[in-house]
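# I'll drop the sequence and a predicted model, then ask my questions.
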Amino acid sequence: MKTFSKELWKKFMILIFIFITGYGIFIYSIWGYFVKQSKKDIVITENFIINELKEPEHQNIEEFVNLALRESPKINELYIILVHNNVEYKEEGTPDIQIIESADRMQEIGHEDFFLSTKRIEGLNDEEIVLTIIRGMSREKYFMKKILKISAGIIFVFCGAAVFISKSFYRKVVPQLKKLEEATNKINLTSFEADIEKSSFFVEFSKILSSYEKMLNRLENQASVQIDFINNASHELKTPIFIIGSYVDLLKRWGGKDRKISKEAIESIYGEVKNMEILIEKLLFLAKQDKIDIVKEEIEIGELIEEIIKEMEIIYPNQSINYSETSFHVNSDRALLKHLIKNIVDNAIVYGDGKAVDIFLCCESNVTIKVQDRGAGISKEDQSRIFDKFYRAEQSRNRNLGGHGLGLSIVKSIADILKLDISFTSEIGAGTTVEITLPVN
């Protein structure tokens, strides 16, 4: 597995290698230019002397040598040697170099210490002259040594600075990584808090930490939903399962002997199963509410309410529901809106003491749906908690009333999803009124 320090060191070494390689190519290019220029100097001087030798007035060797040495191009460390009739002519200071005569080939002496060219040419009454031109490279080599010394110092300083910067950077990065590691080690299914001070971090690390915290929040929400579902299901299913078990035990003991007991037990078991079915449906809705897709369409709200009333009359055949037909159109998700209104109406019936439930539909700037029951009402102490999951007001805790304390929680969830306004008023002994406000088309 890779470590940050090793990877940083590897990248640093690659950077140094690239720098040194590039610098070596640069130095080599400069020396190559010097060599090329020196050979060019030899060729220029050689051509000058050959052309001068062809002039008719240059038939005296001494005059020609003086002319050649005096008028040839003045180039540092360039020396001319002429040999005529075994007599060597050269200027003072010419280096003593063993010359190997060779035509049409530039010779290299030492490790590019000198370059020379030797040619046999005709001149001075068709007599042969050996022309040798030497170009020394001591100045160029001195210059290159200076460059290399300065460069070595620069490279040393650069490497030292790079090592210092990389270590300094590493010392700043590692503590931040350790803080992140410590924060993640503290996280578990019961604690997703990761309050990390980001002002001291690099901008890039701060962005990573922000993304990390958002991820933790998403995980916390998902875990919370799962834990809530498990806790809620176990909490609410415990009682009906106990009741069913009790009646099953009753059937085992007396069911075969007493038809009345058998019928009562079967009806009770059936009722509890239906109750569990409704509960599980509500729990599943709350568990998946963040993944619900909203499909908005134009809805005739009056028809939707009438549809809900017909379904409620099947479930509660003795329940009176008052509603005057009215027609308004809204734009919303039909299934979710129906679920919301149905839960409010069901809640009004369950806690309405068997009295009539009134539904009003009116429109001013917005469409308002009012559902009013004439039940026991809700105290001011309980009103702040009626949207909490599994919460039931004290006077409604009797299981004979039914319900699981999830209806209004689902209503609040749907209202948040559809971005609807929902409010209620309640008075002890006078009942409760719930209002839903929707934008009108």
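Right, received. Where do you want to start?
# hey, let's count contacts and neighbours off CA atoms from now on
Fine.
# mind giving me the domain split of the protein?
Per automatic domain parsing, the structural domains of the chain span 4-143, 203-287, 295-439.
# hey, least reliable of those by pLDDT?
Of all the domains of the chain, the minimum mean pLDDT falls on domain 203-287 (a mean of 72).
# How far away from the center of its chain is it?
Relative to its chain's centre, domain 203-287 lies at 38 Å (C-alpha atoms, centre = their mean, to the nearest Å).
# what about the strands in the stretch 101-250 of the chain?
Assigned by DSSP state E, counting those that start in this stretch, the stretch 101-250 of the chain shows strands spanning 107-109, 114-123, 127-136.
# mind listing what's buried in the shortest one?
Okay, so that is strand 107-109. Residues residue 107 are the ones in strand 107-109 that count as buried (16 or more other C-alpha atoms under 10 Å).
# Sheet partners, orientation included, of it?
According to DSSP bridges, strand 107-109 forms sheet pairs with strand 114-123 (antiparallel).
# what's in contact with the strand it pairs with?
When contacts are defined by C-alpha atoms under 8 Å, 6 or more residues apart in numbering, strand 114-123 is touched by residues 38-39, 42, 50, 53-54, 59, 101-109, 128-137.
# circling back to that earlier point, kindly reformat the domains of the chain as TSV containing distance to residue 178.
Listed next are the domains of the chain as TSV, based on distance: least, C-alpha to C-alpha, whole Å:
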stretch	distance to residue 178
domain 4-143	12
domain 203-287	12
domain 295-439	40
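# Of all these, which one is nearest residue 151?
When the domains of the chain are compared by C-alpha to C-alpha, domain 4-143 sits nearest residue 151, at 8.9 Å.
# from the middle of its chain, how far away would that closest one be?
How far domain 4-143 lies from its chain's middle: 62 Å, per C-alpha atoms, centre = their mean.
# And the strands in the stretch 251-400 of the chain?
Per DSSP E, counting those that start in this stretch, the stretch 251-400 of the chain carries strands over the ranges 296-300, 321-323, 329-333, 357-363, 366-372.
# just to revisit the earlier point, for the domains of the chain, which one sits closest to residue 182?
Proximity to residue 182 (C-alpha to C-alpha) singles out domain 203-287 among the domains of the chain, at 13.0 Å.
# okay, the strands of the stretch 251-400 of the chain, which one's buried deepest?
Among those, strand 366-372 has the highest mean neighbour count (mean count of other C-alpha atoms under 10 Å), at a mean of 20.
# buried sites along stretch 155-168?
By neighbour count on 16+ other C-alpha under 10 Å, the buried set for stretch 155-168 is 155, 166.
# send the alpha carbons of that stretch over as PDB?
Output of stretch 155-168 as PDB, limited to C-alpha atoms (Å, rounded to 0.1, in the frame of the first residue of the first chain):
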ATOM      1  CA  ILE A 155      21.300  22.700  -8.000                       C
ATOM      2  CA  PHE A 156      22.500  22.100  -4.400                       C
ATOM      3  CA  VAL A 157      20.600  25.100  -3.200                       C
ATOM      4  CA  PHE A 158      17.500  24.100  -5.200                       C
ATOM      5  CA  CYS A 159      17.600  20.500  -3.900                       C
ATOM      6  CA  GLY A 160      18.100  21.700  -0.300                       C
ATOM      7  CA  ALA A 161      15.200  24.200  -0.700                       C
ATOM      8  CA  ALA A 162      13.100  21.500  -2.300                       C
ATOM      9  CA  VAL A 163      13.800  19.100   0.500                       C
ATOM     10  CA  PHE A 164      13.100  21.800   3.100                       C
ATOM     11  CA  ILE A 165       9.800  22.800   1.400                       C
ATOM     12  CA  SER A 166       8.700  19.200   0.900                       C
ATOM     13  CA  LYS A 167       9.400  18.300   4.600                       C
ATOM     14  CA  SER A 168       7.700  21.500   5.700                       C
END
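# could we number from 35 for the rest of this?
Right, with 35 as the first residue, what we last looked at is stretch 189-202.
# So which of the strands of the stretch 135-284 of the chain is nearest residue 306?
Closest among the strands of the stretch 135-284 of the chain, using C-alpha to C-alpha: strand 141-143, at 108.7 Å.
# ok, residues contacting the closest one?
Taking C-alpha under 8 Å, 6+ apart as the rule, strand 141-143 contacts 148, 149, 150, 151.
# Could you work out the most separated pair of these?
148 and 151 (10.3 Å).
# Neighbour count: those two, which is higher?
Ranked by neighbour count (other C-alpha atoms under 10 Å), residue 148 and residue 151 place residue 151 first, with 24 against 20.
# Next one: the more buried one from residue 112, what distance?
11 Å (C-alpha to C-alpha, to the nearest Å).
# Need the residues touching each of these two.
Joint contacts of residue 151 and residue 112 (C-alpha under 8 Å, 6+ apart) are 76, 167, 168.
# Spatially nearest residue to the last one (excluding sequence neighbours)?
It stands for residue 168. residue 150 (4.3 Å; C-alpha to C-alpha, 6 or more residues apart in numbering).
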